[in-house]
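Engineer: My questions concern the predicted model and sequence given below.
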Amino acid sequence: MEARRRHGLRGQPAIELEINPDGLFSIGANIDRDHLTVVVIDATGTPRGRIHHEKRFILPGEFLDLMRDALSTFRRRRLFDEGRLAGIGLAIPDWLGEVPVIGLPETYRAWCTFDVRAALEALTEHPVLIANDANAAAAGEIDYGLGTEIKSFFYVLVNACLGGATVIDGVRHKGRNGMSGEIGWLPVVFDEGPLAGQVQPLGDMVSLFILMDHLRQHGIAVSTPEDLIHLDARGRALVTAWLKRISAKIAEAIENIGLLVDPEAILVGGRLPVRIIDELLVYVREHLTRMGIEAPSLHRAACSEDAAALGAAAMPLASRLGLASADKGG
């Protein structure tokens, strides 16, 4: 749409154009083992509405009910124009019902046989696009975060589980089977505890669920990321000790990523509170310095908590506009 006219030059005043925010809308959702977030954004990527459910192990049927309610609420509040809706994007972890996370109920395995694409397509006449949650978070960072300044980066997503994504020259590199960036499966050696000396995936050491379980083992009950913000001095000390321990393994992973991918930066995001991510990055930098490694620069992702939902919403926009970064697969 016309924004303004520039005067002072020869001839007719030049007309400056800008994107009409109301020209297009998109809905993005992120379902994980501990929450569901649904957002609606306009053509500039500005959120117009957000609905969040902080609940563990939402089953497929409840997920559909909550999605139906979210769409109804957005319509009732007139947050988007139905005729200008580009579609619905969904960010969902791989192997949602299969990975044996802490507290996994047997009923949650229903996700293994649930056709989420068909279920969402039954809710809407608009296109449905689906991506891995880490890839979606990276997409959100490309469009709305540090990706506007850093073109090649590796995104570390610390949610209920650990995930990652690779971005090269502003485009997500997903690999032949969409497995590129799966840092959670990177093998590391445990230094202490009953598993000392054993090789296990990094995701068995680092995740939001593992941090919460660490606190529960010391008598501190936490169930949401917000609970981590309100810990007393003893709880904060336990978090610090945990961060220092895992930072060494993350530093090793960053060394490997730097050698293999050579990105400009490593971005860390997810549902860990901002203060905890910043503290973690301090310890990781210290380890990298002691290791004498010239590693990529480390940054907290700009779109931390809702990055996956925003990235999911960006996919239908990109697809409608014919951008090369749009995900058309699932």
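Structural biologist: Happy to help now that I have it.
Engineer: Is Val189 in contact with Gln198, as I believe?
Structural biologist: Yes - counting by C-beta atoms under 8 Å, Val189 sits close enough to Gln198 to count as a contact (7.2 Å). (Glycine included, C-beta is placed from N, CA and C.)
Engineer: Mind listing what's buried along stretch 129-148?
Structural biologist: Of all the residues in stretch 129-148, those buried under the rule 16 or more other C-beta atoms under 10 Å are 129-147.
Engineer: again but with stretch 289-298, I slipped
Structural biologist: By 16+ other C-beta under 10 Å, the buried positions in stretch 289-298 come out as 295-296, 298.
Engineer: Looking at these, spot the one nearest Asp232.
Structural biologist: The shortest gap between Asp232 and any of those belongs to Leu298, at 28.7 Å (C-beta to C-beta).
Engineer: hang on, the closest one in a strand?
Structural biologist: Yes - note on Leu298: a strand contains this position according to DSSP: H, G, I helix; E, B strand; the rest coil.
Engineer: Wait, it touches Ile266, no?
Structural biologist: Yes - contact between Leu298 and Ile266 holds when scored by C-beta under 8 Å: they sit 5.2 Å apart.
Engineer: Next, show the common contact partners of those two.
Structural biologist: Jointly contacting Leu298 and Ile266 under the rule C-beta atoms under 8 Å, 6 or more residues apart in numbering are Ile254.
Engineer: quick one on the thing from earlier: in helices, which of the buried residues of stretch 129-148 fall?
Structural biologist: Secondary structure of the buried residues of stretch 129-148 is defined by DSSP state H; positions in helices are 133-144.
Engineer: so which of those residues comes closest to Ser223?
Structural biologist: Closest approach to Ser223 among these (C-beta to C-beta): Asp133, at 20.3 Å.
Engineer: For that closest one, list the residues it contacts.
Structural biologist: Applying C-beta under 8 Å, 6+ apart, the residues contacting Asp133 are 30, 32, 91-93, 157, 159, 163, 308.
Engineer: Quick one: list the elements packing against the longest helix out of those in the chain.
Structural biologist: Ordering each helix of the chain by length in residues (DSSP H) puts helix 233-260 first. With contacts defined as 3 or more C-beta pairs under 8 Å, 6 or more residues apart in numbering; DSSP states H and E, the secondary structure elements packing on helix 233-260 are strand 187-189, helix 208-217, helix 274-290.
Engineer: need those in CSV with mean pLDDT and distance to Asp232, can you?
Structural biologist: Shown next, in CSV, are the helices and strands packed on helix 233-260 (pLDDT from 0 to 100; distance: least, C-beta to C-beta, whole Å):
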stretch, mean pLDDT, distance to Asp232
strand 187-189, 86, 31
helix 208-217, 96, 11
helix 274-290, 95, 15
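Engineer: Out of the ones you listed, which is closest to Arg109?
Structural biologist: With C-beta to C-beta as the yardstick, what comes closest out of these is helix 208-217 (17.2 Å).
Engineer: For the closest one, buried residues please.
Structural biologist: So helix 208-217, judged by 16+ other C-beta under 10 Å, has buried residues 208-212, 214-215.
Engineer: for stretch 190-208, same thing?
Structural biologist: By neighbour count, with 16+ other C-beta under 10 Å as the criterion, the buried positions of stretch 190-208 are 202-208.
Engineer: now the helices and strands packed on helix 233-260 as JSON lines including distance to Ile15?
Structural biologist: Formatted as JSON lines, these follow (distance: least, C-beta to C-beta, whole Å):
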{"stretch": "strand 187-189", "distance to Ile15": "57"}
{"stretch": "helix 208-217", "distance to Ile15": "49"}
{"stretch": "helix 274-290", "distance to Ile15": "41"}
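Engineer: which stretch among those comes nearest Ser26?
Structural biologist: Go through those one by one with C-beta to C-beta and the one that ends up closest to Ser26 is helix 274-290, at 25.8 Å.
Engineer: now the buried residues of helix 208-217 as TSV including distance to Leu59?
Structural biologist: Formatted as TSV, the entries for the buried residues of helix 208-217 read as follows, by distance: C-beta to C-beta, whole Å:
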residue	distance to Leu59
Leu208	20
Phe209	18
Ile210	23
Leu211	25
Met212	21
His214	27
Leu215	26
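Engineer: Nearest to Leu321 among the residues you listed?
Structural biologist: Leu208 (33.8 Å).
Engineer: I'd assumed Ile276 was in contact with the closest one.
Structural biologist: No - the criterion here is C-beta under 8 Å, and Leu208 misses it with Ile276 at 9.7 Å.
Engineer: CA atoms only for stretch 38-47, dumped as CSV, please.
Structural biologist: Coordinates of the C-alpha atoms in stretch 38-47 are reproduced here as CSV (Å, rounded to 0.1, in the frame of the first residue of the first chain):
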residue,chain,number,x,y,z
VAL,A,38,-1.5,-21.0,18.7
VAL,A,39,-0.9,-17.6,17.1
VAL,A,40,-2.4,-15.5,14.3
ILE,A,41,-0.1,-13.1,12.5
ASP,A,42,-0.6,-10.5,9.8
ALA,A,43,1.3,-10.0,6.5
THR,A,44,4.2,-8.3,8.3
GLY,A,45,4.5,-11.1,10.8
THR,A,46,3.1,-9.1,13.7
PRO,A,47,1.1,-11.3,16.1
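Engineer: which residues sit against that stretch?
Structural biologist: With contacts defined as C-beta under 8 Å, 6+ apart, stretch 38-47 is touched by 19-29, 48-52, 66-67, 70, 74, 79-80, 143-144, 306, 309-310, 313-314, 317.
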